[in-house]
Each structure stands twice: as structure tokens, then as C-alpha cells.
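In: no sequence on hand, only this structure:
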């Protein structure tokens, strides 16, 4: 090749390389974006893309689901209460009136709304407030005896269409999974949206307080760091596609960034049963009993368990052969103990129609019996 041509080709190559390098340098100094495709800035494009995607997910879920989330309020008679302050002495304070106390979400267009049982545990006139500030009077409250769950019934006015949520699946949740909570934070800020992750699974908590007149031990709940305040109780915990995977139910006292939610699968059967029958079904065994703790068992040389005080005639327990004076020691291979909530807690985890086995102690002998749980008529 002609030496002169070689020099020209070489010069062109130097110019191209210099242009690319110079462009990359200018891109770094002045933020010129097109060259990012050739010279990525330490993955910054991916980071920006990820942030934008996450924001889009939250915005979309909030827009789609917020119309299905309601505020639960109660109105109690106003009264004056004499209170003492160490700084100002005695004074009169007004109590009662209308107050936002919790959240809920719509599950049917004809006016069925899910919330927590402890949210609607007091006596008073309840209302739900929709996203567009329409107030609907609560006509009936149905409380689930086995879970911290209640369904309230309202009648939407003519021309008002209620938008139900979509229930998801909580059986395959993973620690670290992204979640979104919507509710009335602190009973003041309606339709507050918070985000976080699932921090733990299978937790055991206490819902409600003695001061609220309601306490219930709950097992197998979801722990999350999404901000959940007292007013969020009863609101939905959502996955990234806007499906309800949990019912926000409690916060850990004295802790930050720790909230809990009932897995939706735990109450799905109750909700489905209610929608078809108009009531909650509670499994029934048919015994009245007294728990025998470890110390009492040792002193009386009997096993620890549930001492049967009475057997209801024609009940599942009666048909299974359980008799007064028996000590029920195991329920489905689980020891019956006070620490585990006693026999009632084990029965409460079952459904009407479930066939169960129990181990009992009678006359210094152990035997196994089977029973099919029926529906409680209480």
C-alpha cells in the first residue's frame, strides 16, 4: 500500500479514537447522555431505571387501590370529663364525638368491607368514609370469632359504585419482598401510602390492648417495616401488582419500623364463607374444660392438658366417645398446653367439617379418638 495512504488511514483512526475518548470525557464532565450506551457510568442508568420503575409501581398501585380503601369512624356521645394536670390543676375536657379509628377495604360492590375486629369492638355509631369523602352508615357488623377480622355492611347510595380489591395469595411470600400499605395513619391522615418490605414471617403477636377492651393472640402473621400506625389497622397490605396479601393489624409497642399483618390466606376461607352464607362459621367440638398446668399435673399425678368438665350431648366430642373426667392431652399430635392458648386455640385454627384426632387419658390409660368438627351455634 502507498505509504501516503497508510499515513492517512492511521490519522483517521487516531481522530476516531480521540473523538470517542474525548466524548466519553465530556460525557463525564458535562453529563452528555448518548455516550452512556458505550461508556456506562458505573451502572447509573440501571439505578435510575430501577428507581423510576419502583416509583411507577407505587404510584400505579396507589391510584388503582386507594378507591377501594375506606376510613372507619365512630361517633360516641359527647361528655365532659374532669382531669387533673400537674401544671394547670383540674380542668374539664370534652370527650366523644366523631373520630377516625381505623381503616378497611371493599371486597364486594354491594357494600361488604373488611376491617379488624378490634377496630369495631366498641359500642357506637360506625361509619365508613370513602376516598371521595362519602360517608356511609354501617348497618351491620359481623365479627369472626376465630380471627381479628370483621366485616361491616353498608349500602352504597344510588349512583355510587364501590370498587372491590383483588385478593392475592400469601402462601409464597418471601422475606425481603416489596409491599405497600394504605390506610388512615394515626387516625388523622386518610389514605396514607407507605412502602417497605416483608421483614419476617410466622410471627406471633397480641392484637388490641386491655385498655381497648380487646386482646387476642395471633399466630403466623406477617412482619413488615412499612409504616403501620394505629389508624392503619384493618387496611390492606399489598404486593407490587396491587393485590391484598395481608390485613394490617398491629404495631409493636415501643418499636420503630415494625408492623404486623394477618396473611390474607388465613382469613380468605372466612371471607369466602361469609360471602356465600352471610355469617362466620366457627368449628365446634363440644366440651367444657379446665386447663391442667404442669405443676398441677405433677401434684395430682395426672397428665398436663384439658380436663373435661362437661361434654355437650350429641356433639362431635360426645360422638367420638369423650367423657367427663377425661384429660385431653394432644390435638392433631400437638400438646394441649396453656402456653399454646389451650384447646380453644387449636380448635380455632381448624374449619367446620375438618376431621381431627385427639389423644386422651382415662383411668391411667391413653387412647386416641377421632371427631368431625361441626359449626358452633353460639
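Out: Sure, I can see it. Since the model is a prediction, treat every value here as computed from it, not as a measurement. Numbers count the residues shown, from 1 in each chain.

In: now residue 294: closest residue in space that isn't a chain neighbour?
Out: Once flanking residues are discounted, residue 294 sits nearest to residue 304: 5.4 Å by Cβ to Cβ, 6 or more residues apart in numbering. Yep, even glycine has a C-beta here, placed from its N, CA and C like the rest.

In: number of residues surrounding the one you found?
Out: Residue crowding around residue 304 was assessed by other Cβ atoms under 10 Å; the count is 20.

In: hmm, it is touching residue 337, no?
Out: Yes: judged on Cβ atoms under 8 Å, residue 304 makes contact with residue 337 at a distance of 6.4 Å.

In: so who does the residue nearest to residue 294 touch?
Out: Neighbouring residues of residue 304 by Cβ atoms under 8 Å, 6 or more residues apart in numbering: 292-294, 297, 329, 335-337.

In: distance check, it against residue 178.
Out: 44 Å (Cβ to Cβ, to the nearest Å).

In: so where's this protein uncertain?
Out: Counting by pLDDT under 70, the chain contains low-confidence ranges at 1-52, 77-96, 145-146, 205-219, 252-257, 340-341, 377-378.

In: show me the helices in the stretch 151-300 of the chain, by range?
Out: 264-277, 294-300 (DSSP state H, counting those that start in this stretch).

In: list of residues touching the last one?
Out: Contacts to helix 294-300, defined as Cβ under 8 Å, 6+ apart, come from residues 292, 303-305.

In: mind listing what's buried along it?
Out: Using 16 or more other Cβ atoms under 10 Å as the test for burial, helix 294-300 gives residue 297.

In: also the longest one?
Out: Of the residues in helix 264-277, 264-267, 270-271, 273-274 count as buried by neighbour count, 16+ other Cβ under 10 Å.

In: pull the most distant pair out of the residues you listed.
Out: Using Cβ to Cβ, these span at most 15.4 Å, a distance reached by 265 and 274.

In: so how far is residue 322 from residue 141?
Out: 34 Å.

In: ditto for residue 235
Out: Counting by Cβ to Cβ, the gap from residue 235 to residue 322 is 42 Å.

In: any chance you could map the strands in the stretch 151-300 of the chain?
Out: Here the stretch 151-300 of the chain has its strands, by DSSP state E, counting those that start in this stretch, at 166-167, 178-185, 189-207, 216-224, 236-238, 243-251, 259-263, 283-284, 287-292.

In: and the ones you listed: which comes nearest residue 116?
Out: Closest to residue 116 of these, according to Cβ to Cβ: strand 243-251, at 5.3 Å.

In: the closest one pairs with which strands?
Out: Using DSSP bridges, the strands paired with strand 243-251 in its sheet are strand 166-167 (parallel), strand 236-238 (antiparallel), strand 259-263 (antiparallel).

In: can I see the domain layout of the chain?
Out: Per automatic domain parsing, the domain ranges recorded for the chain read 69-80+91-153, 166-277, 283-375.

In: could these go into CSV alongside distance to residue 159?
Out: As requested, the domains of the chain are exported to CSV (distance: least, Cβ to Cβ, whole Å):
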stretch, distance to residue 159
domain 69-80+91-153, 11
domain 166-277, 22
domain 283-375, 39
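
In: nearest to residue 63, out of these?
Out: Distance to residue 63, taken as Cβ to Cβ, is lowest for domain 166-277 among the domains of the chain, at 9.3 Å.

In: quick one: end-to-end distance for that closest one.
Out: When the termini of domain 166-277 are compared using Cα to Cα, to the nearest Å, they are 20 Å apart.

In: and that domain, how far out from the chain's middle?
Out: Distance of domain 166-277 from the chain centroid (Cα atoms, centre = their mean, to the nearest Å) equals 2 Å.

In: can you check stretch 334-349 too?
Out: Put simply, stretch 334-349 sits 22 Å off its chain's centre (Cα atoms, centre = their mean).

In: which other residues reach that stretch?
Out: Taking Cβ under 8 Å, 6+ apart as the rule, stretch 334-349 contacts 145-146, 217, 219, 282-285, 287, 289, 291, 293, 304-306, 328-332, 373.

In: can you flag the buried ones in those residues?
Out: Buried, going by 16+ other Cβ under 10 Å: 146, 282-285, 287, 289, 291, 304-306, 328-331, 373, out of the contacts of stretch 334-349.

In: distance to residue 351 added to the contacts of residue 304, as a markdown table?
Out: Shown next, in a markdown table, are the contacts of residue 304 (distance: Cβ to Cβ, whole Å):
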| residue | distance to residue 351 |
| --- | --- |
| 292 | 27 |
| 293 | 29 |
| 294 | 31 |
| 297 | 31 |
| 329 | 23 |
| 335 | 22 |
| 336 | 19 |
| 337 | 23 |
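
In: name the nearest of the residues you listed relative to residue 204.
Out: Of all the contacts of residue 304, residue 337 has the smallest distance to residue 204: 14.3 Å, by Cβ to Cβ.

In: ramachandran coordinates for that closest one?
Out: Main-chain torsions, residue 337, degrees, to the nearest 10: phi -140, psi 160.

In: circling back: the domains of the chain: which one's closest to residue 61?
Out: The nearest among the domains of the chain, by Cβ to Cβ, is domain 166-277 at 4.4 Å.

In: okay, and the residue nearest to residue 370 when sequence neighbours are not counted sits in which element?
Out: In this structure, residue 370 finds its nearest non-sequential neighbour in residue 357, 5.1 Å apart by Cβ to Cβ, 6+ apart. Per DSSP states H and E: residue 357 is located in strand 355-362.

In: name the helices or strands packed onto the helix or strand just after that strand?
Out: The helix or strand immediately downstream of strand 355-362 is strand 365-372, counting by DSSP H and E. Counting contacts by 3 or more Cβ pairs under 8 Å, 6 or more residues apart in numbering; DSSP states H and E, strand 365-372 is packed against helix 316-320, strand 355-362.
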